[in-house]
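Engineer: Predicted model and sequence below, questions to follow.
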Amino acid sequence: MANKNLKAKGIRSKKDQLIYDKTKKYLEKIKETEIEGKMKIIDQILEKEEGEERYSYLYDILCDYLDQEFKKNDICGFHNNICKRRCHMMEENKKKDTYDNGCCYSYLHKRNCEHLNAPYGCKIKNLGCKTFTCSYLRKQGICYKLNQIYLSRYFFNRRQKFYIENTFFVDKPVIMEGIMKRR
């Protein structure tokens, strides 16, 4: 409650100020051109009550950011529910089998993810799925790690990042529970 009163007065906790300062320094280090706009987003996150409310808000922003990245850059290149990149990779390796829906196919369960809403995409928000890129894309230098995304670099600890990046095919409430356990 005291933290909320401080925020109402425009005063940050030491931890929040550290996150803010480190994020700004990181953006300057990578020579980001829109530092002010990105720091406004950080301010919006820091305005949320520390804990599940803040993590949930941050999680949604990260999911939206990655969705935009993949869509804007046509990273997977889906055509008729088949990932063009995967088909291209299969042709190179002269394999005859391709999997519909690219990375949404679970090799472990031998079926598509139950949350896939083809051809529209995923019905859930899962950062693990969104940060995952297949070996073909990784060879092209396309890889997303939470530690390289300014939004999550200083908000999540290492255990949380590892958990998020390695938890696939489950909905946000399950992941939020895991994030809170790893605080």
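Structural biologist: Good, I have the coordinates.
Engineer: so where is the protein shaky, pLDDT-wise?
Structural biologist: In the predicted model of the chain, residues 1-10, 78-102, 118-120 satisfy pLDDT under 70.
Engineer: gap between the residue nearest the centre of it and Lys24?
Structural biologist: The centre of the chain sits closest to Leu127, judged by CA atoms, centre = their mean, with a distance of 4.1 Å. Leu127 sits 23 Å away from Lys24, going by CB to CB, to the nearest Å. In short, each C-beta sits where N, CA and C put it, glycine included.
Engineer: same deal with Arg159?
Structural biologist: Distance from Arg159 to Lys24, by CB to CB: 25 Å.
Engineer: Which one's more surrounded, these two?
Structural biologist: Using other CB atoms under 10 Å as the criterion, Arg159 and Lys24 rank with Lys24 on top: 17 against 13.
Engineer: residues touching that one, list them.
Structural biologist: 35, 39, 42 (CB atoms under 8 Å, 6 or more residues apart in numbering).
Engineer: at 7 Å instead, please
Structural biologist: 35, 39 (CB atoms under 7 Å, 6 or more residues apart in numbering).
Engineer: if I've got this straight, it is in a helix?
Structural biologist: Yes: assessed by DSSP: H, G, I helix; E, B strand; the rest coil, Lys24 belongs to a helix.
Engineer: Against Leu46, how distant is it?
Structural biologist: Following CB to CB, the distance that separates Lys24 from Leu46 is 12 Å.
Engineer: What of Lys31?
Structural biologist: Taking CB to CB, one finds Lys31 at 23 Å from Leu46.
Engineer: Looking at those two, which has the bigger crowd around it?
Structural biologist: Set side by side, Lys31 and Leu46 show more neighbours around Leu46, with 20 against 7, by other CB under 10 Å.
Engineer: Determine how far stretch 23-41 lies from the middle of the whole chain.
Structural biologist: 18 Å (CA atoms, centre = their mean, to the nearest Å).
Engineer: and Ser106, what are its phi and psi?
Structural biologist: phi -90, psi 110 (degrees, to the nearest 10).
Engineer: Ok, the one 5 residues further on next?
Structural biologist: Backbone geometry at Arg111, expressed as degrees, to the nearest 10, gives phi -160, psi 170.
Engineer: Quick check: the residue nearest to it when sequence neighbours are not counted vs Asp67, distance?
Structural biologist: Distances taken as CB to CB, 6 or more residues apart in numbering place Tyr105 nearest to Arg111, at 7.4 Å, with adjacent residues excluded. Going from Tyr105 to Asp67 by CB to CB gives 19 Å.
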